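J.: I'll drop the sequence and a predicted model, then ask my questions.
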Amino acid sequence: MRPALTITPLFNDSSQQILDLILPIQQIEFNVPITLEGQPDLLNVEAFYHQTGGGFWGAKSNDELVGTIAMIATGHQACAVRKMFVKKEYRGKEMGTAELLLNTLLNDCRAKGITDVYLSTVDMLKAAHRFYERNGFERRKSEEMPAYFPRMTPDNVYYHLHLSA
């Protein structure tokens, strides 16, 4: 049974909840070699996302943050997806958390006239790859990504989705 989820924009007052969700998934669950120091955006989502034309959203079950997704507006009618994380207990097609988060971001893209959605991830996140591909994203080589796409270490798998007008 699907939990009752609410998708809402997240701001700086949610920084601790964001950190408490994302860092353990990155560092403990998936052993991604990244620290908070390498992600200053997590401490100031308003400056990095909202104030630049992007956004940062959270999925909440009651008052608990169980998922996040963010968008960096890059100009060129394009954006970069960032910080797509879902708590283990809320993952999977049956739960629908990732789908709700992605649809929120894509609806925001359409409203802003963004037609090209790019993202990067790491090779070990196979379930994420399947999710993106199931949602129409096409895998790209690093050199096929536009120069304006903001790259993140340790990402090494790239995707693109073209939104119809």
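T.: All right, it came through fine. Numbering: from 1, shown residues only.

J.: Helices of this protein, start to end?
T.: 15-24, 45-48, 97-111, 126-134 (DSSP state H).

J.: And for the spatially closest residue to Pro33 that is not a sequence neighbour, the neighbour number?
T.: Distances taken as Cβ to Cβ, 6 or more residues apart in numbering put Pro154 closest to Pro33, at 5.9 Å, once the chain neighbours are dropped. C-beta: built from backbone N, CA, C; applies to glycine. Neighbour count of Pro154, defined by other Cβ atoms under 10 Å: 14.

J.: residues in contact with the closest residue to Ile114 other than its chain neighbours?
T.: Excluding the flanking residues, the one nearest Ile114 by Cβ to Cβ, 6+ apart is Cys79, at 5.1 Å. The contact partners of Cys79, by Cβ atoms under 8 Å, 6 or more residues apart in numbering, come to 54, 71-73, 109, 114, 116-118.

J.: The same query, at a cut-off of 6 Å, please.
T.: 71, 73, 114, 117 (Cβ atoms under 6 Å, 6 or more residues apart in numbering).

J.: Could I get the contacting residues of Ile22?
T.: Applying Cβ under 6 Å, 6+ apart to Ile22 gives the contacts Phe85.

J.: show me where pLDDT drops low in the protein?
T.: Regions of the chain meeting the criterion pLDDT under 70 cover residues 1-2, 165.
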